[in-house]
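Q: could you work out the structure for the sequence below:
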Amino acid sequence: MSKADDLARASRRLYALGWMRGTSGNVSVLDGSDILVTASGIDKSAVETADAVLIDVRGEALPGQSRRPSAEAPVHAAVIAEAGAEAVVHVHSLAAVEAAARWPQGVPLVDVEQLKGIGRGAHGDHVVVPVVANSQDMGDLSSRIVAARDPRVPGVIVAEHGLYAWGASLGEAIDRTESFDWLFDHALRLDRLGRPGG
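A: Now for the predicted structure:
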């Protein structure tokens, strides 16, 4: 199975989880020295192998392709370069957006088993997921994410937008996305109960 197949299957899975409604969200994975990213304007419930677009390390589409890459392709390229990642997942997770609104200086997470899912300790490990302001300028947004990135945390929330998470494989990036969503939901529930979660 090709990486384009993997990209399509991942997009449909993330749509089924409710994090890529309609055409929102995008996924990327390294393919040799280039990057495959989901095409622009594609309903994520119906992404096919042909909807994977090759981009260069600046996020620009390679010539000779019929589909345009996601507008956020430059962000994926920047994160892959900066984090040394093999894949990036960007979802419009409601829990991520709500958590960023509640904790705009960074979402605090501590003392919960699911932290292992993002490579951190279950107890006594204080994690803060960075939050950055949104921008429609992809160069500006890339710079904000790169500047805010904590090498110990494989994700950044874009306020009023969604989560970028990454990993050493597409599978790991998806697993971390699932863990982040659970952790944000858990933190918000604790906050509503008046119990400190960080």
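
Q: which ones are touching the spatially most central residue of the chain?
A: With distances taken as C-alpha atoms, centre = their mean, residue 164 lies nearest the centre of the chain, 2.3 Å away. Contacts of residue 164 were listed using C-beta atoms under 8 Å, 6 or more residues apart in numbering, and they are 75, 79, 88-90, 145, 155-158. Placement of C-beta: from N, CA and C, glycine included.

Q: any idea how far residue 106 is from residue 123?
A: Distance of residue 106 to residue 123, computed by C-beta to C-beta, to the nearest Å: 20 Å.

Q: quick one: which of the two has more around it?
A: Neighbour count, other C-beta atoms under 10 Å: between residue 106 and residue 123, residue 106 has more, with 20 against 9.

Q: not counting sequence-adjacent ones, nearest residue to that one?
A: residue 128 (4.0 Å; C-beta to C-beta, 6 or more residues apart in numbering).

Q: and the one you found, helix, strand or coil?
A: strand (DSSP: H, G, I helix; E, B strand; the rest coil).

Q: burial measure for it, as a count.
A: For residue 128, using other C-beta under 10 Å, the count is 16.

Q: touching, it and residue 109? I think so.
A: Yes: here residue 128 reaches residue 109: they are 7.5 Å apart, a contact under C-beta atoms under 8 Å.

Q: contacts only, for the residue nearest to residue 106.
A: Residues counted as contacts of residue 128 (C-beta under 8 Å, 6+ apart) are 106-109, 150, 153, 198.

Q: can you give me the helices for the protein?
A: With helices called from DSSP state H, the chain shows them at 3-16, 73-83, 94-102, 138-148, 170-192.

Q: what's the most buried one of the ones you listed?
A: Sort these by mean neighbour count, taking mean count of other C-beta atoms under 10 Å, and helix 73-83 sits at the top with a mean of 22.

Q: where does pLDDT dip in this protein?
A: 1, 196-198 (pLDDT under 70).

Q: let's see it at 50
A: By pLDDT under 50, the low-scoring segments of the chain are 198.

Q: next, count neighbours for residue 84.
A: The burial count for residue 84: 10, using other C-beta under 10 Å.

Q: same check on residue 46?
A: 11.

Q: going forward, the N-terminal residue is numbered 91.
A: I'll keep to 91 as the first residue from here, and by that count the last item is residue 136.

Q: skip the chain neighbours and tell me the closest residue to it.
A: Of all residues not flanking residue 136 in the chain, residue 102 sits nearest, at 7.6 Å (C-beta to C-beta, 6+ apart).
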